[in-house]
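Novice: what's the 3D shape of this:
(one chain, ligands or ions: 1)
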Amino acid sequence: MSVKAVPAGGFAATVPVIVVGAGAAGICAALSAHENGVEVVVLERDSVPRGSTALSAGLIPAAGTRFQKALGIGDSPALFASDIRRKAHGEVDAAIIKTVAQAAGPTVQWLADRYGLPFSVVHDFDYPGHSARRMHGLPSRSGVELIDRLRQAADETAIPIILNATVSALYAEAGSRIRGVEITRPDGTRDSLGCEALILACNGYGGAAELVARYIPEMRDAMYFGHPGNRGDAVQWGQALGAKLLHMSGYQGHGSVAHPHGVLITWAAIMEGGFQVNANGERFSDESRGYSEQAAVVLAQPGGITFDIFDERIAVVARQFADFQQAERCGAVVEAATVGQLAERLSLPAAALEQSSAEVEQAKDAGTRDRFGRSFAGSLPLSAPFKAVRVTGALFHTQGGLAVDSAARVVSVGGDPIPNLFAAGGAAAGVSGSHASGYLSGNGLLTATVLGRLAGASAAAVVKRSE
Ligand SMILES: Cc1cc2nc3c(=O)[nH]c(=O)nc-3n(C[C@H](O)[C@H](O)[C@H](O)COP(=O)(O)OP(=O)(O)OC[C@H]3O[C@@H](n4cnc5c(N)ncnc54)[C@H](O)[C@@H]3O)c2cc1C
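Specialist: Modelled structure (predicted):
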């Protein structure tokens, strides 16, 4: 993944804008560039565009949307911005937070109104750290539906997405101005394609074990649950071009992946009044702080295994997610008439699980915080039939990356933008800061869609200025 000098003979073909990667960020960028009147080509490594976007629940946080208003949910970009800032421990540049918080609502509505994505708000449970119900998803609550609908939008707009096309190098002038890319095909043959502006939308470095070990040592041995083709190419090109890297130890983890089934169990199982115990049947944390930071907490438990304990009422809420339905189909969700029987089915010490359950119910009843500081305010008691899933913690995606400004321009170490290079989604530094605990639910697709749209518009402006 190198940066090369521009070939002496130039390029056989040139397009105004190239986008690297056909995930949510890349396709949003391409739609936006196209709308802004410039020709754009997307280059994608895989034979079918999937990316981490397809693995996600496809939920995008946005404030002040008409979908929220229709449900009577009061919210504003300012409230959203303060939630992002608080969760990220004040580490993230205020201007970027303001940009994404303000643009998220219009971006979700843009996708809905212009491209027909039928969003609705997840209105029946709270995501940790969000002061309002603002997660917007498609009917199946799955990222497969999101990426398929985005791809359909690109197809209908006649935006070429060239598949099996790994961008293996960039061509740049001495001052870092990008002139084109090298494309490697699965059979090893290489082409080159010139461009006037380049958008990096090839996500982060979760699929590069050596980069994870270097930047996020606490996740070195964790399962990576994101797309394996995200190998840190943007970061490596950025370094070669003198770009600034930011928050490289930041990441989104998740403390609730069914094991060994490998299916995401929605955090609704916890937030609606469920809890986690370890293999000793004991509680070990305040789960309500967030699922991202919970990954390392779960992995620190004996064997790196814990159990989500909830009930049928909560399962009804969880069933809106295609992933949860799949977990039920593959037998990951265990059911029992009593907590004692549940313990037996999970091979957990029954007395310890009953004690943990009693403590939680007592905290709900008394309205007090439990010994870990968790508030169960508003949570209903669990009742039969009880449910459980054996889970582990995993790395979902990296949040560090190329520093960008409010126009999604990649910023150099010296602080100036690189003239015609843009980044969005996991290729860019996110808004979570340098810790897993800084990740507010949805920060991933937030910067994929919002920065993607901005990057497309900014790249189009660069092209038009040069005409
Ligand atoms: C299980 C799971 C659940 C999640 N749930 C949510 C959620 O509900 N909400 C949320 O906000 N976030 C969620 N996330 C995070 C979210 O999926 C990502 O933040 C988001 O998809 C990133 O989008 P992207 O376009 O940057 O990357 P991707 O969707 O990963 O797309 C990057 C694309 O670039 C391609 N590529 C990489 N390198 C090259 C190269 N050199 N040349 C050509 N192509 C290349 C890849 O093949 C890939 O298709 C979840 C993540 C996981 C793993």
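Novice: could you check how far residue 297 is from residue 283?
Specialist: Applying Cβ to Cβ, to the nearest Å, the value for residue 297 to residue 283 is 11 Å. Bear in mind the C-beta positions are built from the backbone N, C-alpha and C, glycine included.
Novice: whoops, residue 390 was the one
Specialist: Taken as Cβ to Cβ, the span from residue 390 to residue 283 is 16 Å.
Novice: could you do residue 205 as well?
Specialist: For residue 205, the distance to residue 283 - Cβ to Cβ - is 34 Å.
Novice: with residue 210 instead?
Specialist: Taking Cβ to Cβ, one finds residue 210 at 36 Å from residue 283.
Novice: check residue 438 too.
Specialist: 24 Å.
Novice: who has more neighbours out of these two?
Specialist: residue 438 (29 against 24; other Cβ atoms under 10 Å).
Novice: the more buried one contacts residue 432, doesn't it?
Specialist: Yes. With contacts counted by Cβ atoms under 8 Å, residue 438 reaches residue 432, the gap being 4.0 Å.
Novice: quick check: neighbours shared by those two?
Specialist: 87-88, 92, 250, 399 (Cβ atoms under 8 Å, 6 or more residues apart in numbering).
Novice: just among those, which is most surrounded?
Specialist: That'd be residue 399 among these, by other Cβ under 10 Å, with 32 neighbours.
Novice: now for that residue: which residues touch it?
Specialist: 204, 247, 250-252, 426, 429-430, 432-433, 438-439, 443-444.
Novice: in the longest helix belonging to the chain, which residues are buried?
Specialist: Longest among the helix segments of the chain by residue count, using DSSP state H, is helix 443-466. By neighbour count on 16 or more other Cβ atoms under 10 Å, the buried set for helix 443-466 is 443-463.
Novice: what's the answer for stretch 399-415, then?
Specialist: Using 16+ other Cβ under 10 Å as the test for burial, stretch 399-415 gives 399-405, 407-412.
Novice: check what pLDDT the residue nearest to residue 267 when sequence neighbours are not counted gets.
Specialist: Distances taken as Cβ to Cβ, 6 or more residues apart in numbering put residue 291 closest to residue 267, at 4.5 Å, once the chain neighbours are dropped. Here the pLDDT value assigned to residue 291 is 94.
Novice: now residue 385: how far from residue 327?
Specialist: For residue 385, the distance to residue 327 - Cβ to Cβ - is 16 Å.
Novice: quick one, which of these two is more surrounded?
Specialist: residue 327 (26 against 15).
Novice: quick one: that one is in a strand?
Specialist: No. Under DSSP: H, G, I helix; E, B strand; the rest coil, residue 327 falls outside any strand and is assigned helix.
Novice: isn't it up against residue 263?
Specialist: Yes. The pair residue 327 / residue 263 is scored as a contact, 4.4 Å apart, by Cβ under 8 Å.
Novice: and residue 389, what does it touch?
Specialist: Contacts for residue 389 (Cβ under 8 Å, 6+ apart) come out as 256, 258, 265, 269, 307-308, 327, 332-334.
Novice: and it, what element?
Specialist: For residue 389, the host element (DSSP states H and E) is strand 386-398.
Novice: right, I'll call it a day here.
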